[in-house]
Each structure stands twice: as structure tokens, then as C-alpha cells.
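Visitor: Just the structure for this:
(one chain, ligands or ions: 1)
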Amino acid sequence: MNILVVAAEVAPFAKVGGLADMAGALPRAWTKDGHSVAIVLPKYGHIDVDTYGITKVADGIAVPFGHWTEYATIWTCPMPGAPDVPVYFIESTEYYDRPGIYGYHEGFEDNDRRFLFLSCAAFELCRAIKFVPDIIHAHDYHTAPCMPLLKVRFRHEPLFQHCRGVFTIHNMAYQGLYDPARAMEFCGFPVEDFYHGSWYEQDGVFNCLKAGIMFADKVTTVSPTYAQEIRWTPEGMGLQGALQARSGDLIGVLNGIDPDEWSPRTDLHIPVHYDRTTIDRKDISKLALLRQFNVPESDLTADLPLVGMVTRLTDQKGIPLVLEVLEEFIEAGHCRFVMLGSGERRYESFFVGLAQRFPSRVLVGTGYNTPLSHLIQAASDYYLMPSRFEPCGLTQMFALAYGTVPIVRVTGGLADTVTQYDPITFLGTGFRFVGYNADALRTAMYDALRLYKRTPHWDAIRSNAMNQDNSITTCARRYVEIFGWACEK
Ligand code: ADP
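Guide: Model (predicted):
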């Protein structure tokens, strides 16, 4: 099958969250199974051509956009570690050659134009490189407009005649709300096709996510529980109606993790490798992490449990609950806490402030730091994820693979990946709580910390966690099955 992946983020080139991990890992897995894949993303200013050996393939590719034509340059390189997966970068100095991917907080003012251009350019790229896709796989609101573009503008062209569109929702909270006049014009859609109740419209504006949902042949989201939640609960963020309308084509596919990148047996960023039988070596990583944060020698002990988090600092991730309970645990000396996060300034300053007050117990990294994100997974005893909502979540899966016991709120993909440990049957991989409140989190944390290094539970729970298979292979094959259904349509 020929699969064209179009995404605003693809790891390792441009990453903000789990979308990038999936857009990078799925193509690798598909290629191993014999499919032919091409990935398209913008050539952002921060992407270093020398690091990845990126070369120019075509200059001045015409991209009809609105009532005029714009031009893009195409660059390419093989996906690192997967020479059979070509990655194509759309260069437009006007749109992408600036710091950042989306722009801080509110986003860049011209994000509508930037991402609609990306969607339009993806089709022209296929023409330029003579790639005949069976499937265009678009991710999240940024590239959702590929779905209506395929059905409205390109379906009569021989190149796209047999092509089907599959749209994957990684997060309903970001929908891409654009000015309808601009959006319809940029896409080359007749402006009279935008009206109240049309497939592009929600609450009077152009809604990319809704358009993606309505025009795609199949719609997927990143976990089975989230697929239900978004239809029936406020997690649908106002688009429950659209999702109900497409319920026969809406499928939850649990994300997976790439063992080439996330395995404690081979991880390049951790001081010592380990597996289930040598899991006690995690303590070596823990001491290395404490040293990295300049914890004084007198406090360097692996005996105090370490609770870790690597996260965007937003309400979605349950940060307000952490703010409420963390200090009490630290003050009482129940655990150490390490966090790597970036996002809302008020949260960053809270954690930085706490780290100043408890320098050897609260360790905080801000900014984006891939090596540290790996070390935290290997070094921590527990991984905290008290999300308010969580479409899938990858970091709890990394934690499971690294034998780091997750403490999670039961929502979305967290509900699908972490089972409650039962000290009678010795089954279960972590600790769960249901209510979105500080008391529920506090209780789960006490329950979890009580088991720290206690025989036989500590071995049982960590071994259950490491035994769980969350590999990308299963997930990638499920997508191919869905692509097959889309092609039957
Ligand atoms: P989301 O996509 O909602 O942010 P996920 O758990 O699905 O959450 O994916 C987050 C991804 O981003 C993981 O790969 C995680 O390791 C990574 N990540 C998040 N924050 C940072 C950071 N500050 N530095 C490095 N990696 C980070």
C-alpha cells in the first residue's frame, strides 16, 4: 500500500507532543511490513539540514492557493534509522522559516494560511515526486483540510482517483478555528459551500477538525476509551454531533511505542541498560540523575522513592492537582520529585520555586530536553500522570516499558494502558484513581508509595509493567487494516 503521511510535527525533526512520535514511528513500522510510505512536513527554521543530511529535490513547485499560485521548495532525507522511509519537507520562507512550530500560546496569526498551505502543498508534492497514494493519512487539525481537499478538489485527478483519506485525531482540544472567508478561499472551495450546518462550519467559523471528521473515509483516534468519550461526553469539545454522525467510521486505535527508541535494553540516553531480570540497575540511573541535578553527596541515596513527570505544563495534564498535593509529600519526606516540562509560565514558576525551597528533593528541568526525558523514565520509581483528559498518552507507556510504576487518572488512553495493581492476585501494572480531585490523587500516591521496595509486590508490579506489550507494530497493523476498509469504500 502507498501511504502519504501529512503532519505538522514528525519526530525527530519537529516535536511538541505525542503526535510527532506517532507520525515518525508508524511509517517505520509500515515500511518493515512492506508498505511504501512518504512523510510530509514543513521545513521549519530550526530543522538543521546538516544534522539529517537533508537535500533539495525540487525548486519552485507551483501550489495553487486561493485565486493565485504560490511556490514551494521540496527537500528530502531518509528517516533516521529507517533508510526506506523518505521524509519530504515543504519549504516556504514566508510560512515556516521562523522560530517555533505553532507560535507561543495563542499561535502565529497566520497559522490558518501556514497549515492550509501545507495541506495544499502535500498534493502538489505527490505530483512532483510521482507518488500515487492509496491513502492520505492526516493528523490533527493542522492537516485535517487534506480530507476535504481530497474529496472536493483532487478526487477527479488520475493521481488521486483511487486515493482514500484517513484522519487521526490526537486531541479534540485543538480544532483549528479559522475565518471562513479566508479558509474557503485558501483551499479553493466555493465560498457558498460554507453555511450554517455545512461540513466545514461549527459555531459560525471554519473548523478544521470538523471538516477532517466529516470528509475522511475513516476517522481514528488514539485510544478506544477516548473514541467513546469524545462521542458521549464533554471531551468531544462541541463536536459530539459530528462524531456521532461518523460513528460507523470512527475507530479507536491505541498508540504504541517504538522499541528502537524507547527500550531500557538499548536506550542511548541512560547510563546503564537493564531488562526485567536486571531491573535493580534502575538505581544507577537514579543516582546519575540526582548527580545531574547537583544533589549534595550527603543526600545521594537511592532509598527515597523518586516520582517523575515529563509533560507539557497545561491544565489537561492535571498540573493543578499536582500543585495541591506535591508539597505535602515533599515536606513529609515521602518521596523525591523530578519534573521536565514546559508550557504555562505560572506552572513553570511554581515548580522552579518549589525546587528552590527543596533543592535536593524537587528537581526541575524546563524547556525541551530529549536525553533528560529518557533518563527520567529510567531513573524514576513512579511516573505521575493525573490528566484531566488524555487521548492516549505515550509517557505512561514509556514508564511501563522502563519498569517505572505509573500513577494515573482513569481517563482516555490511561484507562486502556494501566491496570490497578492488586496485592492479593499480584496482577496489575500501576495505580489508578477516578475523581479529578486532589484527595483522589493523594490517596493513589499514598497507596503507591506504600508498596515501594516491598517484597513481593515491588518485583511483581514492575515485572507486570515491563511485560506489557505496547509496541508500535500492533498499532501499525491495525491502521493498515483500517486503511484496507477505507479503500473498500
Ligand atoms: P501529549 O502529546 O499530550 O503532549 P504524550 O504523552 O502523548 O502527550 O506525548 C508527549 C511526548 O512529548 C512524549 O514523547 C514526551 O516524552 C515528550 N515530551 C513532553 N515534554 C517534553 C520535554 N519538556 N522535553 C522532552 N520531551 C518532552
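Visitor: For the rest of this, base every contact and every neighbour count on C-alpha atoms.
Guide: Will do.
Visitor: Surely residue 338 is in contact with residue 295?
Guide: No. Residue 338 sits out of contact with residue 295 when judged by C-alpha atoms under 8 Å, with a separation of 11.9 Å.
Visitor: Look at these two and report which has more neighbours.
Guide: Comparing residue 338 with residue 295 by neighbour count (other C-alpha atoms under 10 Å), the higher total belongs to residue 338, at 24 against 18.
Visitor: Pairing partners for that one in the sheet, please.
Guide: When bridges are taken as DSSP bridges, the partners of residue 338 come out as residue 308, residue 363.
Visitor: How about residue 384?
Guide: When bridges are taken as DSSP bridges, the partners of residue 384 come out as residue 407.
Visitor: got the contact list for it?
Guide: With C-alpha atoms under 8 Å, 6 or more residues apart in numbering as the criterion, the residues that contact residue 384 are 307-309, 406-408.
Visitor: how much space is there between it and residue 327?
Guide: Computed with C-alpha to C-alpha, to the nearest Å, the distance linking residue 384 and residue 327 is 15 Å.
Visitor: for residue 189, same thing?
Guide: For residue 189, the distance to residue 327 - C-alpha to C-alpha - is 54 Å.
Visitor: ok, now residue 448?
Guide: Distance, residue 448 to residue 327, by C-alpha to C-alpha: 17 Å.
Visitor: more neighbours, those two?
Guide: It is residue 448, of residue 448 and residue 327, that has more neighbours when counted by other C-alpha under 10 Å, with 18 against 15.
Visitor: Tell me the one of the contacts of residue 384 nearest residue 166?
Guide: The shortest separation between residue 166 and any of the contacts of residue 384 is 30.2 Å, and it belongs to residue 408 (by C-alpha to C-alpha).
Visitor: List the contacts of the closest one.
Guide: 384-387, 414, 418, 430-433.
Visitor: I'd like to know which of these are part of helices.
Guide: Taking DSSP state H as the definition of helices, the contacts of residue 408 contribute residue 414.
Visitor: Need the buried ones from the contacts of residue 408 selected in PyMOL.
Guide: Selecting just the buried residues from the contacts of residue 408 in PyMOL takes one command, with 16 or more other C-alpha atoms under 10 Å as the test:
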select buried, resi 384+385+386+387+414+418+430+431+432+433
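Visitor: Could you export the contacts of residue 408 as a markdown table, including distance to residue 288 and pLDDT?
Guide: Shown next, in a markdown table, are the contacts of residue 408 (distance: C-alpha to C-alpha, whole Å; pLDDT from 0 to 100):
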| residue | distance to residue 288 | pLDDT |
| --- | --- | --- |
| 384 | 20 | 98 |
| 385 | 23 | 98 |
| 386 | 26 | 98 |
| 387 | 28 | 98 |
| 414 | 29 | 98 |
| 418 | 28 | 98 |
| 430 | 25 | 98 |
| 431 | 26 | 98 |
| 432 | 29 | 98 |
| 433 | 31 | 98 |
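Visitor: For the closest residue to residue 69 other than its chain neighbours, which three-state class applies?
Guide: Using C-alpha to C-alpha, 6 or more residues apart in numbering and skipping the chain neighbours, the partner closest in space to residue 69 is residue 63 (5.5 Å). Assigned state for residue 63: strand (three-state reduction, DSSP: H, G, I helix; E, B strand; the rest coil).
Visitor: Just the element for residue 346, please.
Guide: Using DSSP states H and E, residue 346 sits in helix 345-357.
Visitor: how about that helix against the ligand, any contact?
Guide: No. Using C-alpha under 6 Å from any ligand atom, helix 345-357 stays clear of the ligand, with a minimum separation of 11.0 Å.
Visitor: Packing partners of that helix?
Guide: In terms of contact count using 3 or more C-alpha pairs under 8 Å, 6 or more residues apart in numbering; DSSP states H and E, helix 345-357 is assigned the packing partners helix 319-331, strand 362-366.
Visitor: Touching that helix from outside, list them.
Guide: Counting by C-alpha under 8 Å, 6+ apart, the neighbours of helix 345-357 from elsewhere in the structure are 313-314, 319, 323, 327, 341-342, 361-364, 366.
Visitor: Around the ligand, pick out the residues from the stretch 301-450 of the chain.
Guide: Going by C-alpha under 6 Å from any ligand atom, the residues of the stretch 301-450 of the chain near the ligand are 310-312, 340-342, 367-370, 373, 393-395.
Visitor: With secondary structure and neighbour count added, can I get the residues you listed in TSV?
Guide: Converted to TSV, these look like this (DSSP: H, G, I helix; E, B strand; the rest coil; neighbours: other C-alpha atoms under 10 Å):
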residue	secondary structure	neighbour count
310	strand	25
311	strand	19
312	strand	18
340	strand	23
341	strand	22
342	strand	19
367	coil	11
368	coil	16
369	coil	13
370	helix	12
373	helix	20
393	coil	25
394	coil	22
395	helix	22
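Visitor: Could you look up the SS state of residue 149?
Guide: Going by three-state DSSP, the state assigned to residue 149 is helix.
Visitor: Wait, it touches residue 122, no?
Guide: No. Counting by C-alpha under 8 Å, residue 149 does not reach residue 122; the two are 10.3 Å apart.
Visitor: Looking at these two, which is more packed in?
Guide: Taking other C-alpha under 10 Å, residue 149 and residue 122 do not tie; residue 122 has more neighbours (26 against 22).
Visitor: Now for the more buried one: which residues touch it?
Guide: Residues near residue 122 by C-alpha under 8 Å, 6+ apart: 6, 40.
Visitor: got it, and the one 4 residues further on?
Guide: Residues counted as contacts of residue 126 (C-alpha under 8 Å, 6+ apart) are 132-133.
Visitor: what are the ranges of the helices in the stretch 1-150 of the chain?
Guide: Listed in chain order, the helices found in the stretch 1-150 of the chain under DSSP state H, counting those that start in this stretch are 18-32, 49-52, 93-96, 111-129, 140-143, 146-148.
Visitor: How about the stretch 201-350 of the chain?
Guide: Using DSSP H, counting those that start in this stretch, the helices assigned to the stretch 201-350 of the chain run over residues 208-215, 224-232, 240-245, 282-292, 319-331, 345-357.
Visitor: so can I have TSV of these showing mean pLDDT?
Guide: Listed next are the helices of the stretch 201-350 of the chain as TSV, based on pLDDT from 0 to 100:
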stretch	mean pLDDT
helix 208-215	98
helix 224-232	97
helix 240-245	98
helix 282-292	97
helix 319-331	98
helix 345-357	96
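Visitor: Mean neighbour count, these: which tops it?
Guide: Comparing the helices of the stretch 201-350 of the chain by mean neighbour count (mean count of other C-alpha atoms under 10 Å), helix 208-215 ranks first with a mean of 27.
Visitor: That one to helix 111-129, inter-axis angle?
Guide: Between the axis of helix 208-215 and that of helix 111-129 there is an angle of 50 degrees, by axes from the mean of the first three to the mean of the last three C-alpha atoms, to 10 degrees.
Visitor: what packs against helix 208-215?
Guide: Taking 3+ C-alpha pairs under 8 Å, 6+ apart as contact, the helices and strands that helix 208-215 lies on are helix 140-143, helix 146-148, strand 201-202, helix 240-245.
Visitor: Please compute how far it lies from its chain's middle.
Guide: For helix 208-215, the distance between its averaged C-alpha position and the chain's averaged C-alpha position is 19 Å (C-alpha atoms, centre = their mean, to the nearest Å).
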